[in-house]
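# predicted model and sequence follow; I will ask about them next.
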Amino acid sequence: TWIINWLLKPAVVALALPLYQQMIHIKAKIKPIMICCSISVVISILTSMLICRTMGIDEEITRSIATRSITTPLAMSVSESLGGIPSIAAAVVIMVGISGAVVGFPLLKIFGVTDPQAQGLAIGACSHAIGTAAATERGTTQGAFSSLALVVCGILTSLIAPVMFAIYGMILGIN
């Protein structure tokens, strides 16, 4: 996975320019952006936990899958800190990213999401760098807001996931 990790780092950095260009719009909507990203992170982690638990999937795998909605380098690091397997986290992140890049915009269209800022946030929050590349192809606004969601969700996941897994462990009586 080190090759993928190495290749993704400059790609993520290159997404900063559109983000800078949209800074006025971002500052004006920072509160709803943070709320949306926070809800996205909680839903992503919670659905991973519930689906894995329902399917009887091992806790180590669950901790690997829970980081599926953030960029690969972060997912590998967060997964490892949670007691997951970084290589599984990387594989899942790539599959989720490709899926989001392919079906994300058609799904947004079906659900009537036409605002470029909302589209970008949704794609970035769910399908990280690969989805952000697809969002950037759609437009500067989508790309910028997708980059923003990618960064914010990555940070929030690294903060929220350990807390959620601690609570999850207490409820189930596991460590």
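Right, received. Where do you want to start? Note that the structure is a prediction, hence the values are computed from the model and not measured. Numbers count the residues shown, from 1 in each chain.
# please make it C-alpha for all contacts and neighbour counts, starting now.
Will do.
# which strands and helices sit next to the helix ranked longest in the chain?
Criterion DSSP state H: the longest helix present in the chain is helix 140-172. Packing contacts for helix 140-172, counted by 3 or more Cα pairs under 8 Å, 6 or more residues apart in numbering; DSSP states H and E, involve helix 16-21, helix 30-55, helix 72-82, helix 116-138.
# what about 6 Å?
Applying 3 or more Cα pairs under 6 Å, 6 or more residues apart in numbering; DSSP states H and E, we find helix 140-172 packed against helix 116-138.
# any idea of the angle the helix it packs on forms with helix 140-172?
Interaxial angle, helix 116-138 versus helix 140-172 (axes from the mean of the first three to the mean of the last three Cα atoms, to 10 degrees): 110 degrees.
# look up phi and psi at the residue of the chain positioned farthest from its centre.
Residue farthest from the centre of the chain, counting by Cα atoms, centre = their mean, is residue 173 at 27.9 Å. Note on residue 173: its backbone torsions stand at phi 70, psi 30 [degrees, to the nearest 10].
# quick revisit: give the buried residues for the longest helix of the chain.
Across helix 140-172, burial judged by 16 or more other Cα atoms under 10 Å covers 140-154, 156-158, 160-162, 164-165.
# ok so, going back, let me see the contact set for the residue farthest from the centre of the chain.
Residues in contact with residue 173 (Cα atoms under 6 Å, 6 or more residues apart in numbering): none are found.
# state the pLDDT value of it.
If you check residue 173, the pLDDT there is 74.
# do residue 13 as well
70.
# quickly find the element holding it.
helix 2-14 (DSSP states H and E).
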